[in-house]
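# pasted the sequence and its predicted model underneath.
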2 protein chains.
Amino acid sequence: MAEFRLYCFSQSGNAYKAALMLALCGAEWEPVFVDFFHGEGRRPDWRESVNAMGEAPVLVHGARKLSQSGAILIYLSRRFGAFQPQSEDEELEALRWMFFDNHKFSSYFATYRFLHSLASPPGDPAVIAFLKGRAEAAYAIVEKHLGAQPFIAGARPTIADISMCGYVFYPVEEHGFDLERTHPNLWAWMERIRALPGWAAPYELMPGERFLAPR
Amino acid sequence: MAEFRLYCFSQSGNAYKAALMLALCGAEWEPVFVDFFHGEGRRPDWRESVNAMGEAPVLVHGARKLSQSGAILIYLSRRFGAFQPQSEDEELEALRWMFFDNHKFSSYFATYRFLHSLASPPGDPAVIAFLKGRAEAAYAIVEKHLGAQPFIAGARPTIADISMCGYVFYPVEEHGFDLERTHPNLWAWMERIRALPGWAAPYELMPGERFLAPR
């Protein structure tokens, strides 16, 4: 059995954050497929035995079982001494962007994308429009931030970058955010992340089918 | 000038998390009112000089200016040696609930409450119903969790409790979640937090008018 096991599925950008971190750290790890779209995360026995929050990712390492991508990234950064902030100021800067990511950046975009191109039945148009507007506001803040520095917390990549890139590498057909055209600073930051040794795209790292083409 | 200054307004449960922490720690602090409902957080000069994310709370301590309640709570817990997790396992447990709080517990409830009883013009009914459903799902997870232990990360109160109680003390008229009746474990946890020395309610700790009665 591999040293690390990650409960995940390919469409989950939150799971991708953990999978990418494992890949970039050169960890010995294996995925455990979560059949999220057939309700595995809602099953009482799954919640009991894997994660009470009903979500992926979940990282298993020895006797430890961790959920929430932010906590997993902090844990792995310590274990591998990689992508760690190097001072308290840098740590606080990374943390505030990770909280912002969970509150507004990844979260609104992820829920918008889900209702926009995968949910069955499709999401309510008013809800989709609301979530898209919230995601656009968060993306505008990050676009501006990345105009002033190469990585989220400053000059070097940290776990804040790995958290915030969770959803940006999914194909444009899934969400319609044409970042290369509309968010040049964010796109340039994505290119810097893509250049990190060990980088791979979500559908390469995790099991599960690709999204269907949008309706 | 007080040692700590907190940009806040009374209706913000995210700001309340920081204000309550300062109160519970016996800090010397003063509030700086943010006129959020008249767009102060959207003003370019405010974003430039106070917080690029456009949000309260923002904590000023010496030369440091910190945003995001989660980062502020971690910072204050170190400065005061209070409500800190006591082992790495407890820390990771506190962190995962703080990320869950930002992602789903406080966040969906806060946005639901805003559109339900304050936004002008009122929020779209489909959007309100969507957010309410998401908030209810998150509240059910926390209700179950608190049936097994007195505080979020275990036997003692930590910053995870202070994060997660950000919105629960607002009057039921603002949101319609009758927690005493529907969420007994959560209500008992609220009583334990109310009993902490220095506790005060949101409208007592921060400047700004109360919400209007719901429409």
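Sure, I can see it.
# for stretch A:57-74, C-alpha coordinates in CSV please.
Only the C-alpha atoms of stretch A:57-74 are listed here, as CSV (Å, rounded to 0.1, in the frame of the first residue of the first chain):
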residue,chain,number,x,y,z
PRO,A,57,-10.6,15.1,-0.5
VAL,A,58,-9.7,12.9,2.5
LEU,A,59,-6.0,12.1,3.1
VAL,A,60,-5.0,8.9,4.9
HIS,A,61,-1.4,8.8,6.3
GLY,A,62,-0.7,6.1,8.8
ALA,A,63,-3.3,6.4,11.6
ARG,A,64,-4.2,10.0,10.5
LYS,A,65,-7.3,10.7,8.4
LEU,A,66,-7.6,14.4,7.4
SER,A,67,-10.2,16.3,5.5
GLN,A,68,-10.4,19.8,4.1
SER,A,69,-7.9,20.7,1.4
GLY,A,70,-6.5,23.6,3.5
ALA,A,71,-5.7,21.4,6.4
ILE,A,72,-4.2,18.7,4.2
LEU,A,73,-2.0,21.2,2.4
ILE,A,74,-0.7,22.6,5.7
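# what about that stretch and chain B, any contact?
Yes - among the residues of stretch A:57-74, A:64, A:66-71, A:74 lie within reach of chain B under CB under 8 Å from any CB of the partner chain. Yep, even glycine has a C-beta here, placed from its N, CA and C like the rest.
# between these, which is nearest A:His145?
A:Gly70 (18.2 Å; CB to CB).
# sorry, back to before: mind giving me the PyMOL command for buried ones among the residues of stretch A:57-74 next to chain B?
To isolate the buried members of the residues of stretch A:57-74 next to chain B in PyMOL, using 16 or more other CB atoms under 10 Å in any protein chain shown:
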select buried, chain A and resi 66+67+68+69+70+71+74
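# in strands only, show me the residues of stretch A:57-74 next to chain B.
A:64, A:66-67 (DSSP state E).
# a helix runs through A:Leu59, doesn't it?
No - read with DSSP: H, G, I helix; E, B strand; the rest coil, A:Leu59 is strand and lies in no helix.
# beyond the helix or strand hosting A:Ala23, next helix or strand please.
Under the criterion of DSSP states H and E, A:Ala23 resides in helix A:13-24. Next along the chain after helix A:13-24, taking DSSP H and E as the criterion, comes strand A:29-33.
# that next one packs against which elements?
Packing partners of strand A:29-33 (3 or more CB pairs under 8 Å, 6 or more residues apart in numbering or on different chains; DSSP states H and E): strand A:4-8, helix A:13-24.
# now do the helix or strand of chain A with the lowest mean pLDDT: everything it contacts.
Least confident helix or strand, chain A: helix A:44-49 with a mean of 94, by mean pLDDT, DSSP states H and E. Outside helix A:44-49, the residues that touch it by CB atoms under 8 Å, 6 or more residues apart in numbering or on different chains are A:40-41, A:53-54.
# and if we set it to 6 Å?
A:40, A:54 (CB atoms under 6 Å, 6 or more residues apart in numbering or on different chains).
# that one: which residues count as buried?
The neighbour-count check on helix A:44-49 (16+ other CB under 10 Å) flags A:46-47 as buried.
# got it, and stretch A:25-34?
A:25, A:27, A:29, A:31, A:34.
# ok, and does the biggest helix by length in chain A reach over to chain B?
Secondary structure of chain A per DSSP state H: the longest helix is helix A:125-145. Yes - Helix A:125-145 is in contact with chain B by CB under 6 Å from any CB of the partner chain, via A:126-127, A:130, A:141.
# can you tell me which helices and strands that helix packs against?
helix A:106-117, helix B:125-145 (3 or more CB pairs under 6 Å, 6 or more residues apart in numbering or on different chains; DSSP states H and E).
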